[in-house]
Structures are given as C-alpha cells and as structure tokens.
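this one's structure only:
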C-alpha cells in the first residue's frame, strides 16, 4: 500500500463531492491542501485527455514530484474519480477505480441522493477505504 | 512562425552571443569618464550596438555576405572571469526585490477576474522584469572555459593623455597580472587582437600633447591599432541628451539628466566613429580571418573519411586515461578548442551552417572523450544554431533537451548551465507556441536555488495561462507553488502578488483546503507587511473552517485574532462567517391584539388558536366598521402593509447561532439592528429600503447610541458556543415611540474584538411569524416592518398553584390572577378553556373558602346546583361578571378547578378575551392566549361490576375493583357516591373488616361489594318521576374515620367535572334508567406533602341490567324434602315481574318442558364461590353471570344423558299474558311437578314483552337459572 494516496470524486463544475486520504502515511495538515492543489491542477489535463480516448481509465495523466495522478472518468465524463498515488501499481489502481465506480453508481441509484452533491454516506466511505486497503 | 532572429530567443542570442572586447584602462581614464557619471565601459557601450553596420563578411565559403546587426560586449579585464556566485545571487535578489516593490498590487484593487487575465497580452506579463531576470541569470554562467563565445576577441587598452609615460603604460597594462584567468590557465590564446586608445579630456587643455603621444604610439604599436579619443568638450557640463543612450546600461537608476553632461555632440560622434571603426575595421576582419584559418586547419585534420577514422582510433587509445571528474581539460591549442572557437566565431558572424557542422563534429569528439560539460555546451549550440537556421523545431528541441540532460547529469556544477540552457529552450518552445512544454521546462529548471525556482515557477504559470486552451488550474497551482518559494526567500510582496493572481482562479472554489490555504497565507503576509485591513478581509474568508482539523482551526483563529489585535481597534464586518447564522431559523414574535401568556403559547399553531377563538371574538365585519369609523383610510393601508405592535411591548426574534468549529468561540453583545422612524415619514422610509453595506455598518454602530436615547430599547445576549454547538438566542426590541420600526439585522461581537453584522435579507428566509395566515399575504419587504401604535393595556395572567405533574383524578383549586399594568381599564372579559374536562371555572365567592373543605356537605346543598350554570354563555365560553374591570396594579383573582381526568401529557389552552376601555385605539380588543402543560400520572384504576341480586327485585350487587397503579403513593378512600339520587347504596360488609388497613399502598388491589337499590317509584301526582333518596343513602363513607364529613357531589366543581366525564365516557346506548354513575372520592397521602390531595374517580354509564325493561324474580322454598316413594312432588313457585320502563308493557310468559335438564349442583354454586374470591379483577368473566337475551344457552351445561326423561314438568298453565303499568309489579303463581330428587334448574321458560308508548319495542328473555333442591325424605 502506498504511503500517500488521496482519492477524490469530482463532479461537474469541478465540485469535489467526495474526498478521502487513504495513504498509510501519518496524516498531516499540510498534505491535505497539497493533495487538493495537485488534483485540482490535474483537472486541466483530464479535460484535455478525456475526449481523446474512449477508455474510462486514463492512467497516470499528471505527476507532481513523486506522486502520480490517476484518473478514471465516468461515462458522462463530468464525474471524475481521481487518485493521487506515489507508487506505480497499474492493475491495482485500475481495479480500485472499477470497484469504486460501481459503488458510485450504486450511490447514484439512491433516490435520495441528488447527483452532484456531496456523498456523505458513511457506508460509501468505509467501502472506499476498504477497497483502498485491498488494492493500493 | 516568426523569423528566428526576431523572436525573443533570437534577439536574446544576438544580444548575448556577440564578440567580447576586454577593456583595460588606467585609473585616469576611468576618472575622465566618471565626470559624466559613467564608467569607461558604460561610456562606450551604447556605441557598440550597430543596427546596420553593413560590413561584407566572407568566412569559409567563397561567397561573401553582408552583416547587418552587430554588437560588441565590453568587459573590464577584471570582470572576465566566472562571476562569484554569491555576488551574482545577491544581484539577482536585488533585481527581484525591486521588481517586487514595483509590481506590488494595489491593495484597494480587486483581484482581476480570470477572463481579464486571459485577455491581457502575453508580452505584458512576460516582458516585464522576467526578461531582465533571465538575462542576469544567464550572465551568471558567462566566461566559462568550455565555450568560446565569451572569450574576448580583442583587447581595448585605454590610457589617458594625462598619464605619465603613456607608451609604457600601454605595455604595462597588458602585461600585468591582472589578465583574466582564462588567459592564465591556458583556455585562451593570450595572443589576441589589441587596440590602443588614448583618451583625452578636452577640459584639461588642448589636444597637442595628446597628438604627440598618439604619434609616438603609432610608431610603437603600429598605425592602424592606435586611436585618439577626445571627450568632455562641453565646458559647463550642462549638455542635455534628449535620448539618453546610457539609460539602459545604467543599472542603479540614478537620474538620467546627469549622465554624459560633459559630452557634446562632437564627442558623441567621435565615440560612435571610434567604436564603428573598432568593429568594422578590426574585430570583424580579425574574426573572418581566424575563421578562415581555423576552417582550413579543421578541414585538413578532421574532415574526410581518413581523418575521421584516424580520429576515432586516436581517441580510443586515450581511454585508459583516468577519468577526470570534470572531463579532460582542453587548452586553447587543442584541436577541440580550436573547433569550438571556429564554431563560435562562425555563429557570431551569422554563418550558422559553418557553425553547425563544427559543433556537430565537436559533439562526437566530446562524447568519446566523456567531456560532458563540453559536450553539453556543444549540444546546446547545435540546438541554437538549428533554431537560428530555422530548421525543424523538433531537432532544435531535441538538442536542447540533450544539452539540458547532459548539464543536469553533471550535478551541482552543471546546474547553472542547465538553467541557462533551459531558459533558451523555453524561449525556443515559446517561439513555436508550445507553452505547455515550456512550462514543463520551467518546472524542470526550478531546483536548488529557491528564489530562482520561485521566479521560474511563476513564469511556468504564465506559460500555462497562455497555452491554448489555457490551463487555468495549472496556472493557479504554479502561482501558489511559486508564492510559497517567494515566501521562503522573504520576498513577501512577490508572494502576495502571486497568491492574489492565483485567487482569480480559485475564487469561489469549493475545494475548501485550497481556498483556506490561499486566503490564510495572503492574510498572514499582508499582516506581516502591516496592512492589517486587507489581511483581515482575507482572514475572514477562512473563519468558517469546519472541515479543517482542530489544530488548523486553532491556528486560523489565533492568527486572525492576533491580526485584529494588532490593528488595535474593533473591526466591523458585514458578513462575518463566525458564528453561522441560520437564517431559516429566524422567528419573529410580536403581539398585536393577540397576546401570549408564555413562550410555549407562541409556538402553538395560529390556526389552532383561531379555531378556539371563533365564538369569542366579535365578527370581523362589525369590527371593521368600528375602527374604520374612528380612523381614516390612511391607517387601514398601513395596517395592512405591516405588522402591528404596541409601543412598550416586546418584539422577540429568535436567531440560531451555530459554531461550525471544533473549538469554542465566545460571542458577546448579540443584539438586533433596528431602524425607527416617526409616524410622519413612515411612507418615505420605503424609498431607501435597500440599505447598502456601509449604511448598515453605520447603523450598527449608531444602534448603541440610539438604544437608550429614544425610540427603542434593545437587549444584548452573550453566548459561549462550544464546538459544533447550536444555540438559539432570543433577542428583543422594545419600541418606545409610535411610528414604524424595522428590524434590519443582527450584530454581535466575536471574542470581544470583531463585530459582525448580518442583514436579514427578506429573500433569504421565510418568516415564521406568529401572524400566521394574515401575514402570508404581505410582501416580503414588509415582514420585518412594524407599525408601532400607542400603548394599549395588556393583561397578564398567572395560574397559581398549577402543578407540573399530578395523579389522575386529582382535583385542585387554582387561582387565575389577572393583572393589567396600565391605568386604562379593560372590560368585557371572557374566558375559554380548551379542555373543560380538565379545567373548570369556579365562582368568585369560593375564593374565600377553603378547599376542599368547601365541598363538604353543610345544610344548604341545594344552592350550589343552581349557581353552577349561570355564567355559561355558550358551551365553553365563560363570561366574567359584567362589572369586572381590571386596571392599575391590583391583581384580579378568579378560582379555577383543575382535575386530572386521564393520564398522559396534557396541553391546556386558555384564552381570555378583553376589550380595551379606550375606544380611540386601533386595537379594540385583545386576546390573551395561555398554554400550560400538565403531566398526569396514572393513580387508581377503578372498575365497577353490577349484577342483579337473585333474591331481591331491584337490588343489585356492585363489585368495585381498585388497583393502585402508582409506584409510591398511598391512597385513602373517603367516599363512594352514586349520582342522581335514584340509587341507594350500602356496604355489604363494614369497611373495617374488608379493608382494615385504611390505606391502599402502591401496587395493591382491592375489591369490595356494595348493595345497590333502585329507588324509582311510580309517578307521584306532581309528575316527578324520580324521587329523592336521602343523601346519606346515595353516598357511603369508606374512610375509617366516622367524624369526617362527606363531600357533596352536587357541588360546583364535582358536578361540572362529572358532566364532562359523562360526555367523555361515551353516550349511553341504553336508557338512562338502567345505568348508574359512581364517583369514588379518595385522598392521596404522599410522604413528602403535608396536605391531603383529593382525588375523584368517575365511573359513568355502569349498566345495571340487561337491555330488557322487564325484571322478574322467582320465589319458592329452596330446599324441599319429599318422599318420592309416595308420589311426585309438587312445588309452588311465585314469579314477580316488574316493569321498569316508563310505558305499559304486555308480558307473555311461556313454559316448555323439552329442554329442561337436571344439572349437578355445581353450576349454581360456582357463581357464588367465584364471587367470594378476593382481589380478582378480571371483569370480563363476570359477564357470564349477567343474564342477557343475546347469549342463550350459555347456562346449558352438558345434559346427563340424552335419553333422560325430564325430571320435572310445568304443571300449571303453560302460557300467561299480563299487562303491566309503568314501574309496577305483578305476581304470577307457578307450579312444577318434580319426579326425582336432585337439584333442578328451573329456567326452561321465556318471557316475551311488548312495550307500548312512544318507543315501541319488544323482546324475548330466556328464563333465568333458578335452582331448587329436592331431597328424598327418609
């Protein structure tokens, strides 16, 4: 498992709807905003690349120092699953994205969830963290 | 694509890669030029740039070409060395600092929206000080031994005409040890072109001496190499240069006017000519020649296949040489250096093709030699020549990348060169619009030196901005990165500038950590610079940082308050985010004609109150005419527009404050901001209703002053909100003067130092005013607006002795105290109670008597009955006596009875209506709404069971089951009464024997039996159907103390409550006469309380019999002895039939023998034995004993044998018809013949009855069980 990893789901208009620090490193206050900065900046690249391929998994599209930003876009392109990760584990990350995407779709099916709003479900959170432990 | 020479990089190269002239001068020469405020170098520099020198050049090829632009770089001999890194850094630092001062954004300026940033031209952002910075950075790596273009091409020796022995001076100058290290360590050929200049100051006298020396010089050094330079011709030193040529060469920015003030136009021309001659006649030809010579040399030794093989083989042989970490050193005479010089000279003379071929040759050599730095230099030049030749940009970039990589491989020593290479590379990319790649290169350049990295990152961010499509987020991110580094280098102004630019990207972002980071740092840095106002505006953005960790929250708040403290004043902030005000929770409570007794009364739905008030208030139309008559239409309009409140009465506003943080915050001085205007300008105030921010703040400040002076009084609340807490604060305003009052907002003070204001924007919330329906029609803007009318009396009510909880059945007397604090009297009081079952309004007289003593029966019991109903206007509205007028301070007391009818939480609503004596007021009447909550605990569970006594007609056996359901209370029984004077009640056994303990403790159950006798008699002559039973007989004392008086159940509260109970316990399906109501009066004796509490339990509609109006009774001896050996036994029976109805009944008595059967005696005995069982209370079983027509055959037990002959037969008439008058009885004789001994159930008969009269009805009754035991006589 990676020492630093930050997972985010960004919806339309670049609004983050879910974020989780899933790394094993001791959580520091500085890292939280750094991760946000890196992921936010990577959105520029996503915007470029999302339309060039039909694949959902965009691989590592951006890097900052040692960390690589991995992105998985959903079918409607607007929602992006982004992972900041500091080790190269292609397959693990791919499976992680697939399963989280599935979870996200289940969340969308919830009639009480308004798409584009923050995902507050604790169940979702625990699942994502479990998946992170499993794959990353 | 633009012409490479005109691109930024092209210009830069033409500027930087030009021949260097080493200047060596005596101190006197320097002195002469210093008179103009310039050094000698600076004096000459402007004249070394030639935009159209137009010199024919012929290098390797035979075809000459013309050189247009040319430039010489002049350096003092002492400067021709690798610059000191510290010095260079210091200079760069100064450049940056100066730029920081200059570019520091105006505080008042709003940050530019990103669209504007995008539209600003590339040049504006990039041509600023970055170019200058980049140039300085490139200069830090000049004069390296591995590249030849910085090596001096010529040497300019200058001696003043005043110097002693100038000829020797010239010789000394060049031979001294001051020559640059390049010459000494062998990297350069010391035998270079020399040019001798004699400088003459015209003010020191005529040029005679100078010409003499010149002649001498020419003789010594050769005629062409010498020159006389006469300057400072102007005598008064007041020459003004319109276009000051030195401005761009002077770094320190001293005033332009002073520069060159002794230089006349002639001097300028002379300078120009001198430099032109130097370059065109000496330097360029010299370079041409050198290129040609070297080229021949190189061609001879290196070009051609044979030479290449030789070269390779030769280099292979060198491989065993131990690796020098810096690579091999090359002296000026080595082949490689020569090639390099050839390439560089060719480059400087714009023969790029020649240069390129040489560089390529060189790069292979260096590669084989593993001379990495030299290799990188060569690669770099290949890239540049590619660019200048306008060949494929891919190739140029490829070589630049290689050069960069090679430099980087060298580690720290190559870092600066890598930076320079990178900068050129970036420019190359920019020239082809590859901004994204350029940004990447900038990012790669940034490295060890923090300050440089900061500038590089900032430039990278601009590249992102200009790339297409613009990568705004990258732009913001890199600005922040760069700002961070600026901060680390103490370039705070730059840091602020970058962060502020980044704000244009991050404005309004939902990425909260980013937002917090940017605002927090800008705020902190501004504070560092002492600009606290701006600092605070940024800090305010991060106060509501609930998503941050606790430590961060503390940090944010601490810094914020520190800044606030430093300003030394309290800040006023319009939209302070701390604490969060929940606008939707805003509730306004005010009283117009509706007034409230308590806060809980306010929260009750308006519609509920209105439904209660329906029959109390005068009808709307009549009301309207009333006050329309007295006032004009003008007032109507106002009255409709805004809510009405009364001067001197409180308007309450509930506001919810939430602390989003995990750390506690203190909020003090929370109060409302109100605007009051006199009645006259009430209409005008609407025009400027849109209060601007500043006005609001002003209002807030003024509010303090206004508060006590005049028109209204505000309350202040202090709160301490712990982490995540939400507190509802109730704020009040009391208007003092008539007019209009508008509640504008709320203000508070955070931690005693920052004042926050919040305007109640009418669009933001839905006022949940007590106004209810009527308010909803009003426009939003008027919701917080009140019309203040002059003060009107207001009643205040208190319910004395109202307990919070009591036991079911508890009966108490309360006192309602009404108080009118004004002097205007109120009258026509009415009162209504929502639950008459719980609350009953008493008579005023009883106030004086004692409770419950007043209930005790004294002689005149008839009086209470009559007076109870007098004051009831309609069902529930109680009218106070006409003459009741309440005014002044004197309280008005009225008794009210409370009886806890059922267990549970009960809300009691009470409304008092009163009219205002003063008829001139807008409000004619007011309502006082009161609401009380009472918790009723279960106490005694009482149930009654009535069964007819088999032996007596019109007598019943009553079983009373009581359970104490409390957990600790003890109860003492006082009396049991039957209501209605129609029933006599008496104990079966004395109380002492069945219930010796006198107290029923918690959880205990008790059953006891009473005899009940109907006293209804045949109509008396007066037509009074019911006859009175003496009170002693309808009530029985249950208490052990015989001296206690019985209570009169026909007295006011008891009888009233009983009526309500009757109504509540269901309307009887049966006729009244077959029912009986019981009231059990008991007392509780709790350990804590001194007095005894009175409890009354009402059991209504207890049915005494079946639905049949006919009662009958069999009579005969119970046991008969008979000798069946002699004959069968004849038994005479007597049946008494009673018509209990009010009409004539015809009764048909019928017997039949077939179903008769003999029972073992168990059936009869069971009913008796079961009844004796004490303490059981399963009442449902008892129903079986009751004889009901709808359950025939219940009595029938299993027959002994199917073939059995009936043991007895009816021997008299089998059918009898009788007519019975109302309430009369008749006796019918009957006879049976019994054939065998045993116990016989005589129930095989039916009674059919028909009632005449108004309600005709009929029915059939099965015979009752009646047992006769016949024994065999011995």
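That came in fine, so what should we check first? Only a predicted model underlies this, so the values are computations on that prediction, with no experimental measurement involved.

Now that we're looking at residue 78, what pLDDT does it have?
As the question left the chain open, I've gone with chain A. pLDDT for residue A:78: 79.

was after chain B, sorry
75.

would it count as being in a helix?
Yes - assessed with DSSP: H, G, I helix; E, B strand; the rest coil, residue B:78 lies in a helix.

From residue B:30, how far off is it?
Between residue B:78 and residue B:30 the distance is 12 Å, computed by Cβ to Cβ, to the nearest Å. Where C-beta positions appear, they are placed from N, C-alpha and C, glycine not excepted.

Between the two, which has more neighbouring residues?
Each of residue B:78 and residue B:30 has its neighbours counted (other Cβ atoms under 10 Å in any protein chain shown); residue B:30 has more, 18 against 12.

Can you give me the buried ones in the helix or strand containing the more buried one?
Using DSSP states H and E, residue B:30 maps to helix B:27-34. Neighbour counts over helix B:27-34 (16 or more other Cβ atoms under 10 Å in any protein chain shown) mark B:28, B:29, B:30, B:32, B:33 as buried.

of those, closest to residue B:390?
residue B:33 (41.1 Å; Cβ to Cβ).

which residues does that closest one contact?
Residue B:33 is in contact with B:39, B:40, B:42, B:43, B:199, B:231, counting by Cβ atoms under 8 Å, 6 or more residues apart in numbering or on different chains.

Can I get those in CSV including neighbour count, distance to chain A and pLDDT?
Listed next are the contacts of residue B:33 as CSV, based on neighbours: other Cβ atoms under 10 Å in any protein chain shown; distance: Cβ to the nearest Cβ, whole Å; pLDDT from 0 to 100:
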residue, neighbour count, distance to chain A, pLDDT
B:39, 19, 46, 80
B:40, 22, 49, 81
B:42, 19, 45, 80
B:43, 27, 50, 79
B:199, 28, 57, 83
B:231, 25, 57, 79
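
Pull up the residues of chain A that are close to chain B.
Residues of chain A lying close to chain B (Cβ under 8 Å from any Cβ of the partner chain) are A:14-16, A:29, A:32-33, A:35-38, A:40-45, A:47-48.

Restricted to strands, list the residues you listed.
Judged by DSSP state E, the subset of these located in strands is A:15, A:16.

Just want the residue of the stretch 801-950 of chain B that's nearest chain A.
residue B:905 (32.9 Å; Cβ to the nearest Cβ).

so where does that residue fall, helix or strand?
strand B:904-916.

What is the very next helix or strand once past the helix holding residue B:30 packed up against?
On the C-terminal side of helix B:27-34, the closest following helix or strand by DSSP H and E is helix B:40-44. Contacts defined by 3 or more Cβ pairs under 8 Å, 6 or more residues apart in numbering or on different chains; DSSP states H and E place helix B:40-44 against strand B:20-25, helix B:27-34, strand B:73-76, helix B:265-277.

I'd like to know how far the residue nearest in space to the middle of chain B sits from residue B:659.
The residue lying closest to the centre of chain B (Cα atoms, centre = their mean) is residue B:580, at 6.2 Å. According to Cβ to Cβ, residue B:580 and residue B:659 sit 8 Å apart.

swap in residue B:678?
40 Å.

what about these two, which has more around it?
Neighbour count, other Cβ under 10 Å: between residue B:678 and residue B:659, residue B:659 has more, with 24 against 13.

list the contacts for the residue in the stretch 601-750 of chain B that chain A sits nearest to?
Nearest residue of the stretch 601-750 of chain B to chain A, counting by Cβ to the nearest Cβ: residue B:662, 13.5 Å away. Shown in contact with residue B:662 (Cβ under 8 Å, 6+ apart): B:546, B:550, B:553, B:723, B:724.

The last one reaches residue B:659, doesn't it?
Yes - distance between residue B:724 and residue B:659: 6.3 Å, which falls inside the contact criterion (Cβ atoms under 8 Å).

Look up which residues are beta-bridged to the residue nearest the centre of chain A.
Central residue of chain A (Cα atoms, centre = their mean): residue A:82, 2.7 Å from the mean position. Judged by DSSP bridges, the bridge partners of residue A:82 are residue A:8, residue A:71.

If anything else comes up later, I'll come back, but that's it for now.
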